[in-house]
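**Q** Make a model of this:
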Amino acid sequence: MMGKPSNGPNTALLLFLLQCLFLRADSGDYQESSTEMTSRRFRAEFLQEWQGSDAPYFDPSTPRNITGLVGHPVRLLCRVKNLQNRTVSWVRHRDIHLLTVGRYTYTSDQRFEAQHKPRSEEWALRIRSPQRRDSGQYECQISTTPPIGHAVFLNIVEPETTISSGAELFIQKGSTINLTCTVRHTPEPPTSITWTHGEQVINFDSARGGISLVTEKGLKSTSRLLVQRARASDAGVYTCGPNNAPPANTRVHVLSGEHPAAMQQGCATSSLELSAAVLSFLIIFSIKIPYCLNEQFVT
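**A** Take a look at the predicted model:
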């Protein structure tokens, strides 16, 4: 069992070096794992024992990665054990801006708010209407000497919709148009995801026939559109429109045996580059042979 250290300058220096080492280990992008959780718990318990049973320390089970939605309140939390007469503050690393001290807010940005219940170990920073620019690292600090901190990484996202094919899809006439739409970062799953072709809403029971729609809702919602036996009239812009996220679209090209213009341009470019390479080789070869022959006659 490690005894309580003295308060001499050597002990203070050692504690400072240990804090620097531990804080450095926590810097950068943080990915939660059982190993890192065990490591953080060990550091907290080690520092508590080394500094004395009455020293403050952070609860290592507090989350370090928080994801929030644009415009929806988000709460950053740290739990402090044995705080006693010390003070807890929240600092934004991007500009080293002091946001809160104790239960008081020290920023003119009214979106930020300090939250703490009396006799509670929880000290929270609440952001009322977060924006993408609020993403980054924040730190909960205890006013020890030197100060110790608990870093929290905030990622603010907004709803997005993507289609697997990208901006364009080239298919042969008679094949199947296969489009998958993915909706992410919505407050709740969309109640509806609508597909349109041009201005026409696509329904699986449309007169065209050969259309199927499969939708799965959850934290990440998907909708898959299949159009069998593609024909020339099926070409055009397809749009996926969730009710609670921006729409996404893709342009489908239905080919009748010909290559798309992009592929033709790529082939032309490749042929041009090959011709240039051959020409360069012939020029070098034609110069090299007379030079070698002249060199041979001279010797």
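
**Q** how does this protein divide into domains?
**A** If you go by automatic domain parsing, the domain ranges for the chain are 9-156, 160-255.

**Q** Now do His185 against Leu69, distance only.
**A** 6 Å (C-beta to C-beta, to the nearest Å). No exception for glycine: its C-beta is placed from N, CA and C like everyone else's.

**Q** Next, show the common contact partners of those two.
**A** Common neighbours of His185 and Leu69 (criterion: C-beta atoms under 8 Å, 6 or more residues apart in numbering): Val157, Glu158, Pro159.

**Q** I'd say the first one and His72 touch.
**A** No - applying C-beta atoms under 8 Å, one finds Val157 not in contact with His72, separated by 10.3 Å.

**Q** Let me have the domains of the chain in TSV, adding mean neighbour count and mean pLDDT as columns.
**A** As requested, the domains of the chain are exported to TSV (neighbours: other C-beta atoms under 10 Å; pLDDT from 0 to 100):
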stretch	mean neighbour count	mean pLDDT
domain 9-156	15	80
domain 160-255	15	94
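
**Q** now the shared contacts of His185 and Leu69 in CSV, with distance to Ile127, pLDDT and neighbour count?
**A** Below are these laid out as CSV (distance: C-beta to C-beta, whole Å; pLDDT from 0 to 100; neighbours: other C-beta atoms under 10 Å):
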residue, distance to Ile127, pLDDT, neighbour count
Val157, 14, 96, 15
Glu158, 15, 95, 15
Pro159, 18, 95, 16
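
**Q** Is it correct that Leu125 falls within a helix?
**A** No - under DSSP: H, G, I helix; E, B strand; the rest coil, Leu125 falls outside any helix and is assigned strand.

**Q** who touches it in this structure?
**A** Taking C-beta under 8 Å, 6+ apart, one finds Arg75, Leu76, Leu77, Trp90, Leu99, Thr100, Phe112, Glu113, Ala114, Gln115, Tyr138, Cys140 in contact with Leu125.

**Q** what lines up beside the strand or helix carrying Val80 in the sheet?
**A** If you go by DSSP states H and E, Val80 is part of strand 74-81. Sheet pairing for strand 74-81, assigned by DSSP bridges, gives strand 57-58 (antiparallel), strand 122-127 (antiparallel).

**Q** Past it, which element shows up next along the chain?
**A** Moving toward the C-terminus from strand 74-81, the next element (DSSP H and E) is strand 88-92.

**Q** Residues in contact with that following strand: which ones?
**A** 76, 78, 80, 97-102, 114, 116, 123, 125, 136-143, 149.

**Q** which helices and strands sit right next to the lengthiest strand in the chain?
**A** Ranked by residue count under DSSP state E, the longest strand found in the chain is strand 148-157. For strand 148-157, the packing partners by 3 or more C-beta pairs under 8 Å, 6 or more residues apart in numbering; DSSP states H and E come out as helix 9-25, strand 57-58, strand 65-69, strand 74-81, strand 136-142.

**Q** Show which residues not belonging to the last one make contact with it.
**A** In other words, strand 136-142. 56, 58, 76, 78, 80, 83, 86-94, 99, 123, 125, 147-154.

**Q** Just the angle for that strand relative to strand 74-81, thanks.
**A** Counting by axes from the mean of the first three to the mean of the last three C-alpha atoms, to 10 degrees, strand 136-142 points 30 degrees away from the direction of strand 74-81.

**Q** beta partners of Ala151?
**A** With DSSP bridges applied, Ala151 shows beta-bridge pairing to Glu139.

**Q** ugh, typo on my part, it should be His97
**A** Going by DSSP bridges, His97 is paired in beta bridges with Arg92.
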